[in-house]
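# this one's structure only:
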DNA sequence: CCCAATCCTTACTTTTAAGTCAACATTGGA
DNA sequence: TCCAATGTTGACTTAAAAGTAAGGATTGGG
C-alpha cells in the first residue's frame, strides 16, 4: 500500500500553486519544477494530468503559467489522489489474475470486499483534508490531522465490542 | 494508493493455508500455486517472505509443506500487509527526493503528516480484520466488513462539526 | 544409505511505471 | 508581424517491480 511518485509529486505541485492562490498568482513550469526539485519535463507531465482533470488552469504563451481552477479550500485530497492514480477495483481484479485469463476468485471472492472497503476508508479520510489545510508548517498540519484522526480513534474505542 | 501484486498474492496464499488451519493440514508450494493460479516459483518467493517474517512455518523434505505459524483468528491484515510490502515513512521521504540529494521539504514538510496519518488510518482499519474473517463467502465477508466500517461512518457523522 | 520430494536462495529476465526528450502549438509583446 | 516565452503532445529511455529459472539444502521413506 504505497503512494506512487506521481501522487506525491502531483500533490506537491498543487500545493505550490495553492500558496499563491489567494493573490491570484500563477507559476510557470520552470518555477514549479525548481521549487519541488523535479525536472521541467516531469512537472509538465504532472500539470498536464492535473489540467486535463480540471484541477488547474493553464495559460499559454508569454506571461503564461498555471493556477488552481478552484479555491484551495475547496480542493480535497481524495479528488487529487484519484486523478493522479487511476486505480479502481475492477482494474485491480483484472490485473491480478495470475497466470490465468481471469482471477481464480471470480464469482465469489473473500478479498474483493477488503479492497473495496480499504479504498472507501482511505477515500473518506482524504476527503476530510483540503489543500489549504496543508499550507502551514509541519507542526500545524500535524495538529489539524491529528484532530481528524484522533476523534475517530476515540469514538471507535468507546464501542469496540464486536467479535473478531 | 495501490495494493501491490505481492500484497495481493501473498494474502491469497495465506488464506489458502488458513482454510486448512483448523485441521492442521499443510500445503505444498505446488498446491498453493495451482489454487491461486500463479507459478510455483512465484508462490515460492511469496512463501519465503512470509516464512522469514514468521507468519508461516515450513517443513522441508518429502511430506513437507507450509502451514500458518499461528491460528488464523490471531493473524491480522495489517501485519500481513506490512510484511509483504516494506513501506515506511522514512523510505517514502527518501525515495521521493526528486532530482536532488534529499527531499526539498526536509525540515518542515506539510505533506509528511499526511503520509503518516494515512498509513495510520489504513493500519487501523486492517488491524480490525483477521484472516479467519475472510474465509467465508464474498457476501459474508462483505457483511462483516461493512459492520466495522459502518459503525465508524455513523460515529463520525454524529460529531462532524469541525472546520474545513 | 540412497533417492525422491520438498523447501531455500540467488541470479536473471520480463514487464510496467517513471521520467526525459524533441517537435509542435499558442499567446503576448516589441 | 515576428519572435520569444510558454504550455502540449507523443515517442523514447531509464529505473523499479514482478516474475522466472536453476542449482543447493533438507527431510522422510524404502
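Done, it's in. Everything numeric here is computed off the predicted structure, so don't read it as measured data.

# State whether residue A:147 is indeed within a helix.
Yes. Per DSSP: H, G, I helix; E, B strand; the rest coil, residue A:147 lies within a helix segment.

# do you know how far it is from DNA strand C?
If you measure residue A:147 against DNA strand C using Cβ to the nearest atom of the strand, to the nearest Å, the figure is 30 Å. The C-beta positions use only the backbone N, C-alpha and C, and glycine is treated the same way.

# Identify the residues contacting the helix or strand hosting residue A:31?
Secondary structure assignment for residue A:31, by DSSP states H and E: helix A:29-36. Helix A:29-36 is contacted from outside by A:9, A:12-13, A:16-17, A:27, A:39-40, A:42-44, A:47, A:65-66, B:98, B:104, using Cβ atoms under 8 Å, 6 or more residues apart in numbering or on different chains.

# Tell me the buried residues within the residues you listed.
Among these, those buried by neighbour count (16 or more other Cβ atoms under 10 Å in any protein chain shown) are A:9, A:12-13, A:16-17, A:27, A:42-43, A:47, A:65-66, B:98, B:104.

# Of those residues, which one scores lowest on pLDDT?
Across the buried ones among the contacts of helix A:29-36, the bottom pLDDT score, 78, is held by residue B:98.

# so it touches residue A:8, yeah?
No. Contact criterion Cβ atoms under 8 Å: residue B:98 and residue A:8 do not qualify, at 9.6 Å.

# that older thread, now, which of the contacts of helix A:29-36 lie within strands?
Counting by DSSP state E, the contacts of helix A:29-36 place A:65, A:66 in strands.

# From the contacts of helix A:29-36, list the ones also adjacent to DNA strand D.
A:27, A:44, A:47, A:65, A:66 (Cβ under 7 Å from any atom of the strand).

# Quick check: bridge partners of the first one?
By that I understand residue A:27. Beta-bridge pairing for residue A:27 (DSSP bridges): residue A:66.

# Quick check: the gap between it and residue B:136.
Per Cβ to Cβ, to the nearest Å, residue A:27 is found 52 Å from residue B:136.

# Can you get me a residue count around the closest residue to DNA strand C within chain A?
Nearest residue of chain A to DNA strand C: residue A:61, at 2.4 Å (Cβ to the nearest atom of the strand). As a burial measure, residue A:61 scores 5 neighbours (other Cβ atoms under 10 Å in any protein chain shown).

# mind listing the strands for chain A?
Secondary structure of chain A (DSSP E): strands at A:56-59, A:65-68.

# Please list the residues outside the first one that contact it.
This points to strand A:56-59. A:14, A:17, A:26, A:47, A:50, A:51, A:64, A:65, A:66, A:67, A:68, A:69.

# again, only this time at 6 Å
Contacts to strand A:56-59, defined as Cβ atoms under 6 Å, 6 or more residues apart in numbering or on different chains, come from residues A:50, A:51, A:65, A:66, A:67, A:68, A:69.

# Buried among those? Make that a ChimeraX selection.
Burial among the contacts of strand A:56-59 is assessed by 16+ other Cβ under 10 Å; the matching ChimeraX selection reads:
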select /A:50,65,66,67,68,69
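
# From the contacts of strand A:56-59, pick the one nearest residue B:73.
Checking the contacts of strand A:56-59 against residue B:73 with Cβ to Cβ, the nearest one is residue A:50 at 45.0 Å.

# gap between that closest one and residue A:127?
18 Å.

# Ok, residue A:145 next?
Going from residue A:145 to residue A:127 by Cβ to Cβ gives 13 Å.
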